[in-house]
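Let me see the structure of the following:
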Amino acid sequence: MSRNRLSPDLRRRRRGRVAAGSLGALFLVAALGVVAGLLLDRLIDLDGALDPGGEDWLDDDLFAS
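Prediction:
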């Protein structure tokens, strides 16, 4: 038997810790993504850039008859 082998009980506990750490990291990255999205939404006003209309240039007197 090799000296580096872990007992099945220790392997099971280690696997559980690794799984919990992975899930924790996944939730942390998801939370950071939500926070970053909210900050970008507050800082950058994309409503005007995404407007499909072109009302601003129609307000000029260029096209008044």
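
helices or strands next to whichever helix or strand Leu39 is part of in the packing?
Element membership of Leu39 [criterion: DSSP states H and E] is helix 8-43. Under the contact definition 3 or more CB pairs under 8 Å, 6 or more residues apart in numbering; DSSP states H and E, helix 8-43 sits against no other helix or strand. Placement of C-beta: from N, CA and C, glycine included.

Poorly predicted segments of this protein, please.
1-4, 45-65 (pLDDT under 70).

go again using 90 as the cut-off
1-16, 40-65 (pLDDT under 90).

quick revisit: list the buried residues of the helix holding Leu39.
Buried positions in helix 8-43, judged by neighbour count with 16 or more other CB atoms under 10 Å: none.

From here on, call the first residue 57.
In the new count, where the first residue is 57, that last one comes out as helix 64-99.

got a list of what Leu62 touches?
Arg70 (CB atoms under 8 Å, 6 or more residues apart in numbering).

secondary structure class for it?
Recorded secondary structure, Leu62: coil (DSSP: H, G, I helix; E, B strand; the rest coil).

for it, phi and psi?
Here is the backbone geometry of Leu62 (degrees, to the nearest 10): phi -90, psi 150.

If anything else comes up later, I'll come back, but that's it for now.
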